[in-house]
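>>> Sharing a model that was predicted from the sequence below.
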Amino acid sequence: MPGGRLTQSERRQIASGLADGFAYAEIARRLDRPTSTVTREVMRNGGPVAYRADLAHHAAERRTHRRRQATTGGQQTPPQAHGRDPEAVREYEETFTTLFMQQGLPKMTSRVLTCLFTTDAGSLTASELVRRLQISPASVSKAIAFLESQGLIRRERDERRRDRYVVDNDVWYQSTMAAARSSAQLAEIARQGVGILGPDTPAATRLENIARFSDFIGESIARAAEQAREVLFTKPETTADGTAEPPADRG
């Protein structure tokens, strides 16, 4: 399997495959590349509709040039903690960012969330995000506002009274519960339509099916989130002899 960066010819093959309606996996197979490579390439260059091979290639060249300038100018990437490979970390962060983008998050928001998830502390200030991602304070502010509105991060004050943006286990639980509440709201609105459109009409039947499906999904999500929180994040009680007591069987 070939390694290294994508060539301009490969990018043109990607554009051609997208135009023909091929899935990422099929395009990757034809290039003898991992599917993740093709997915990341497309998503960070406008997505399947806006992807242009020449523009993507120029963008890649500019990124490479900037990295070389930073290195020759003495602004080398700071050493990674725990002996991590900086290049491997960068590639992983790009993969994680691409995943969030595929799930509907804007690119800059995805970058901010990835940065928080891959930081050992699990929290960063706005200025730290600006410095790490090399983006404007306005971009950070916009991304933070969106992530807070979705319950994906929370805000706390540190000892210097700076806002820190945090991702932790409870935030992920709260985000999942917010998704469950959204599903329940959809069910409620759909059922309102049943009465308005008439219970025996095709449209009302469709809305009732949406409501029942949303009810089931929302309840399942909430139940699974509660169980996961209890099983995964509850510390075992300690017995008198100092050993951990296994959690009670709640089956």
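Yep, that arrived.

>>> now the helices: where do they sit in the stretch 51-200 of the chain?
Listed from the start of the chain, the stretch 51-200 of the chain has helices (DSSP state H, counting those that start in this stretch) covering 53-72, 86-102, 107-117, 126-133, 137-149, 169-197.

>>> Let's see stretch 154-168 as CSV, backbone CA atoms only.
In CSV, the C-alpha atoms belonging to stretch 154-168 read as follows (Å, rounded to 0.1, in the frame of the first residue of the first chain):
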residue,chain,number,x,y,z
ARG,A,154,-18.9,23.2,30.1
ARG,A,155,-17.3,26.3,31.5
GLU,A,156,-15.6,26.8,34.8
ARG,A,157,-13.3,29.5,36.4
ASP,A,158,-9.8,28.6,37.4
GLU,A,159,-7.7,30.2,40.2
ARG,A,160,-6.8,33.1,38.0
ARG,A,161,-10.5,33.7,37.3
ARG,A,162,-10.1,32.7,33.6
ASP,A,163,-12.8,30.8,31.9
ARG,A,164,-11.7,27.2,31.1
TYR,A,165,-13.6,25.0,28.7
VAL,A,166,-13.9,21.5,29.9
VAL,A,167,-14.8,18.1,28.4
ASP,A,168,-15.3,15.3,30.9
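
>>> what is the mean pLDDT for it?
Across stretch 154-168, pLDDT averages out at 89.

>>> Now do the buried residues in that stretch.
Burial within stretch 154-168, assessed by neighbour count using 16 or more other CB atoms under 10 Å, is assigned to 154, 164, 165, 166, 167. (Each C-beta comes from the backbone N, C-alpha and C, glycine too.)

>>> what does it contact?
Judged by CB atoms under 8 Å, 6 or more residues apart in numbering, the contacts made with stretch 154-168 from elsewhere in the structure are 113, 116-117, 122-126, 129, 144, 147-148, 152-153, 171, 174.

>>> mind running it again at 10 Å?
Around stretch 154-168, the neighbours that count as contacts under CB atoms under 10 Å, 6 or more residues apart in numbering are 112-113, 115-119, 121-129, 140, 143-144, 147-148, 152-153, 170-171, 174-175, 233.
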